[in-house]
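> make a model of this:
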Amino acid sequence: MDLVRSASRSASAAGLEPSVRALGRARAEQGVGAAEAVMDLFAFFGALGMAAPAQLVAAFAETWAEFADGCCPGISCVDPATGLSTWAHFRARIYELYSEDDAAGDGAATDARLVAVLRLPEGTASVASLPWEVQVTLGREVLDAFAGSAAVLSHTGATIASLMPRAKGAFARLHDAAARLDRLFRVEKGRGCRLDVEPLPRTANGVALLLESLRR
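Residues are numbered from 1 along each chain as shown. This next block holds a predicted model:
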């Protein structure tokens, strides 16, 4: 509330930047995740009775990422806008499965999982090109659809990717996520998200081709 009081004295975006950066640092040091932190930012601007300027959202995310990286290694694996895993973390987790299989001498870790893909509606250039508030909402909807599961969720281009266990209810979660995003993008029936499901390749040599296909 002190931040809101001090920020309310400034009428310009430039004048608000110190308060926004202070909020980003505070949320990172408190261990707050990316999606929740950005929602706090929008609540901050709501209390000021104004829309969040893009340059200040960027300043907030930059500061949050800088201090989160120093406070909690796990947080640095998260995309600040959506709250989903970064693509680098998603790739690394897949390769870790093959290392687990090599150590165990079997294919249990990879056999127990699938890669599922939600391709956003035609005409969507990429998740990263969407307005910040849409990215935040997209991430929250996807995370809510997979809440309580062990899925690793990320995005690349106009694709949402999930590394998920072969478990009862997995496909229901996928369809729930697709329905949520169709509502978000307000698309006509039959023109919404497309679903693809792929088994993990038998060996790590095929992973690069699989990951490249997800980006298209």
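> check contacts around the residue nearest to the spatial centre of the chain.
Centroid check for the chain by C-alpha atoms, centre = their mean gives Leu84 as the closest residue, at 2.1 Å. When contacts are counted by C-beta atoms under 8 Å, 6 or more residues apart in numbering, Leu84 touches Val78, Gly139, Val142, Leu143, Leu153, Ser154, His155, Ile160. All C-beta atoms are positioned from the backbone trio N, CA, C, and that covers glycine.
> how does it look with 6 Å?
Leu84 is in contact with Gly139, Leu153, Ser154, His155, counting by C-beta atoms under 6 Å, 6 or more residues apart in numbering.
> what helix or strand is the second one on?
Right, Leu153. strand 152-156 (DSSP states H and E).
> any idea how far Ala88 is from Asp102?
To Ala88, Asp102 is 21 Å away according to C-beta to C-beta, to the nearest Å.
> quick revisit: which helices and strands sit right next to the strand holding Leu153?
When contacts are defined as 3 or more C-beta pairs under 6 Å, 6 or more residues apart in numbering; DSSP states H and E, strand 152-156 sits against helix 87-104, strand 159-165.
> just the CA trace of the shortest one, in CSV.
Think strand 159-165. Taking Å, rounded to 0.1, in the frame of the first residue of the first chain, the C-alpha atoms of strand 159-165 are listed here in CSV:
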residue,chain,number,x,y,z
THR,A,159,2.6,-23.7,-29.8
ILE,A,160,1.9,-24.7,-26.2
ALA,A,161,3.8,-27.9,-25.4
SER,A,162,3.2,-30.3,-22.5
LEU,A,163,5.5,-33.1,-21.3
MET,A,164,3.0,-35.2,-19.5
PRO,A,165,2.6,-38.6,-17.8
